[in-house]
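K.L.:
build the 3D model from these lines:
(one chain, ligands or ions: 1)
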Amino acid sequence: MSDGTSNSTHFGFKTVEADKKADLVAGVFHSVAAKYDIMNDVMSFGIHRLWKRFTIETAGARPGMKVLDLAGGTGDLTAKFSRLVGDRGEVVLADINDSMLKVGRAKLRDLGVVGNVSYVQANAEALPFPDNHFDIITIAFGLRNVTDKDAALRSMQRVLKPGGKLLVLEFSKPQHEVMRKLYDLYSFKILPKMGEFIAQDAGSYEYLAESIRMHPDQDTLKGMMQDAGLEQVDYINMTDGVVALHRGYKF
Ligand SMILES: C[S@@+](CC[C@H](N)C(=O)[O-])C[C@H]1O[C@@H](n2cnc3c(N)ncnc32)[C@H](O)[C@@H]1O
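P.N.:
Predicted coordinates for the structure are as follows:
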């Protein structure tokens with residue numbers, strides 16, 4: 001999100017020129033791509049699988065639907081959607097980063113997820129799809145990395161079909177002080193050390209912790225989705241609000 005008064009934005013806790021952020025984010029994901037899946041399991045103690053499972057259940061994908069897994073990375077959601085929409089359906093895994101797309105495509109092929117999945121390198125801020133195209137759009141742990149989040153939400157609203165649903169799964173604000181303190185301790189003291197030990201990359205995991213703190217909280221994101229034209233927007237906190245699933249419709 002630009003700060004509105006200048007051409008600057010946040011990259012974690014740093015203030016950077018808005019047009020530099022995408023390259024900095026690209027550096028992070030080129031660096032973590034190969035170890036992304038193992039790090040997700042280790043860092044979240046496997047809980048990211050439950051957050052994603054709940055997202056899939058909330059999406060309500062049915063045979064024949066068109067689904068966009070935006071910022072889809074290594075394709076955890078795509079794999080599940082592919083089975084749900086079946087041969088008549090279509091899943092597009094879109095991501096700005098070719099390293100993440102390559103890891104995702106190789107993983108899904110190994111899992112036998114082929115036929116109804118396509119891969120597109122795209123920036124969430126300017127989606128290369130027609131208006132009113134998808135029944136469901138998900139963006140999981142992607143939005144906080146996007147420079148212009150408002151433009152991205154407008155772009156998602158544009159490509160959603162009338163009656164379609166947008167789900168934003170993202171880190172958010174823990175609801176209780178005790179949880180906030182524990183979470184800070186974990187994020188700033190332990191997480192970068194795990195990143196160094198497992199992926200030899202403390203910097204990327206420092207960015208992860210910082211980018212989470214800079215991301216809009218539950219109600220701010222809800223307002224941003226409404227401003228982008230989404231309706232009946234609500235959210236569900238998971239793990240005390242460490243993560244929230246926001247849902248909005250286009251009518
Ligand atoms: C933390 S990963 C999440 C991957 C996957 N959705 C998941 O939940 O495991 C964030 C992804 O967002 C992608 N990304 C960052 N900025 C983006 C943008 N502007 N447009 C599209 N994808 C973007 C990154 O390349 C990365 O693959």
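K.L.:
report the buried residues of stretch 47-57.
P.N.:
The neighbour-count check on stretch 47-57 (16 or more other CB atoms under 10 Å) flags 48, 51-52, 54-56 as buried. C-beta: built from backbone N, CA, C; applies to glycine.
K.L.:
who are the packing partners of the helix or strand hosting L245?
P.N.:
Following DSSP states H and E, one finds L245 within strand 243-249. With contacts taken as 3 or more CB pairs under 8 Å, 6 or more residues apart in numbering; DSSP states H and E, strand 243-249 sits against helix 47-59, strand 160-171, helix 218-227, strand 231-238.
K.L.:
what angle separates that strand from strand 160-171?
P.N.:
Orientation of strand 243-249 against strand 160-171 (axes from the mean of the first three to the mean of the last three CA atoms, to 10 degrees) gives an angle of 170 degrees.
K.L.:
which stretches of the stretch 1-150 of the chain have low pLDDT?
P.N.:
1-6 (pLDDT under 70).
K.L.:
ok, which stretches of it are helices?
P.N.:
Using DSSP state H, counting those that start in this stretch, the helices of the stretch 1-150 of the chain run over 18-32, 36-43, 47-59, 76-85, 98-110, 149-159.
K.L.:
so the first one versus helix 36-43, what angle?
P.N.:
If I follow you right, that is helix 18-32. Going by the same axes, to 10 degrees, helix 18-32 makes 90 degrees with helix 36-43.
K.L.:
so does helix 18-32 get close to the ligand?
P.N.:
Yes - judged by CB under 6 Å from any ligand atom, helix 18-32 and the ligand are in contact via 25, 29.
K.L.:
next, the buried residues of that helix.
P.N.:
18, 21-22, 25-26, 28-29, 31-32.
K.L.:
between it and helix 98-110, how many degrees?
P.N.:
Using the same axes, to 10 degrees: helix 18-32 against helix 98-110 is 40 degrees.
K.L.:
show me what contacts V120?
P.N.:
V120 makes contacts with 92-94, 128, as judged by CB atoms under 8 Å, 6 or more residues apart in numbering.
K.L.:
what's the nearest residue to the closest residue to the ligand within the stretch 51-200 of the chain if we skip its chain neighbours?
P.N.:
When scored by CB to the nearest ligand atom, the stretch 51-200 of the chain has G73 as its residue closest to the ligand, at 2.6 Å. Sequence neighbours aside, M100 is the residue nearest to G73 in space, at 4.5 Å (criterion: CB to CB, 6 or more residues apart in numbering).
K.L.:
likewise V28?
P.N.:
Nearest one to V28, counting by CB to CB, 6+ apart, is S204 at 4.7 Å.
K.L.:
so that neighbour is in which element?
P.N.:
helix 202-214.
K.L.:
quick one on the thing from earlier: burial count for the residue nearest to G73?
P.N.:
M100: 24 surrounding residues under other CB atoms under 10 Å.
K.L.:
what of S8?
P.N.:
16.
K.L.:
who is it paired with across the strands?
P.N.:
E17 (DSSP bridges).
K.L.:
contacting residues for it?
P.N.:
Contacts of S8 by CB under 8 Å, 6+ apart are 2, 15-18.
K.L.:
please apply the same query to K173.
P.N.:
K173 touches 180, 217-218, 241, counting by CB under 8 Å, 6+ apart.
K.L.:
can we see that at 7 Å?
P.N.:
Residues near K173 by CB atoms under 7 Å, 6 or more residues apart in numbering: 217-218, 241.
K.L.:
now rank those residues by neighbours and give me the top one.
P.N.:
Result: G241 is most packed of these (other CB under 10 Å), 20 neighbours.
K.L.:
how about the residues of the stretch 51-200 of the chain near the ligand?
P.N.:
71-74, 76, 95-97, 100, 123-125, 140-142, 145-146.
K.L.:
inside strands: which ones of those residues?
P.N.:
95, 140 (DSSP state E).
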